[in-house]
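> Structural data only, the sequence is not supplied:
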């Protein structure tokens, strides 16, 4: 049963910034097949739990999701199942043992109307902040390509606020790409 604080969060918002890091910051997404397997799990759990993942990124030792649940009480089952399934895969793939994840996942409720796009920008800019790419859409393991280039990934559901970036698809994609570049470090500290 969730703690009082978790219950309170579940009643206040239906959109969440969920994230988790590997135990000891160990690289747990090593090969392209590891990223691909985690993406398949995200697709599967998205459908199984009637979740809508609006923004996401998978880095070498952590991941972020901006997700909305039809039934918020399923968040813990979604996250626990995702962690268990990837841990099973990783241990089998690399003949490893022990804890893969650093404690329990983190969950931050997001005010949908005010912060959904900004949190999405924070999530998708992870590879840029890490110095891996110049632009977020260059990184193949995030939802940035969905919004900037129109590349379907089977994971991302269109954010309710994406329509605010323009009337036509190409214009929206271009405006979103510019939005990813225009960030404020103070804003990023919030997430």
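Ah, there it is. Just so it is clear, the model here is predicted, and its values are computed rather than measured.
> Output the longest helix belonging to this structure.
The longest helix of the chain (DSSP state H) is helix 75-94.
> residues making contact with it?
2, 10, 16, 18, 20, 28, 30, 33-34, 37-38, 41-42, 45, 48-49, 51, 69, 96-97, 100-101, 105, 107 (CB atoms under 8 Å, 6 or more residues apart in numbering). (C-beta placed from N, C-alpha, C; glycine too.)
> Please list only the buried members of those.
Buried by 16 or more other CB atoms under 10 Å: 10, 16, 18, 20, 28, 34, 37-38, 41-42, 45, 49, 51, 69, 100-101, 105, 107, out of these.
> and stretch 126-135, how far apart are its ends?
End-to-end distance for stretch 126-135, by CA to CA, to the nearest Å: 10 Å.
> Of all the residues in it, which ones are buried?
By neighbour count with 16+ other CB under 10 Å, stretch 126-135 contains the buried residues 126, 127, 128, 133.
> secondary structure element for the residue nearest in space to the middle of the chain?
Taking CA atoms, centre = their mean, the centroid of the chain lies closest to residue 65, which sits 2.0 Å from it. Counting by DSSP states H and E, the element that carries residue 65 is strand 62-69.
> Fine by me, thanks again.
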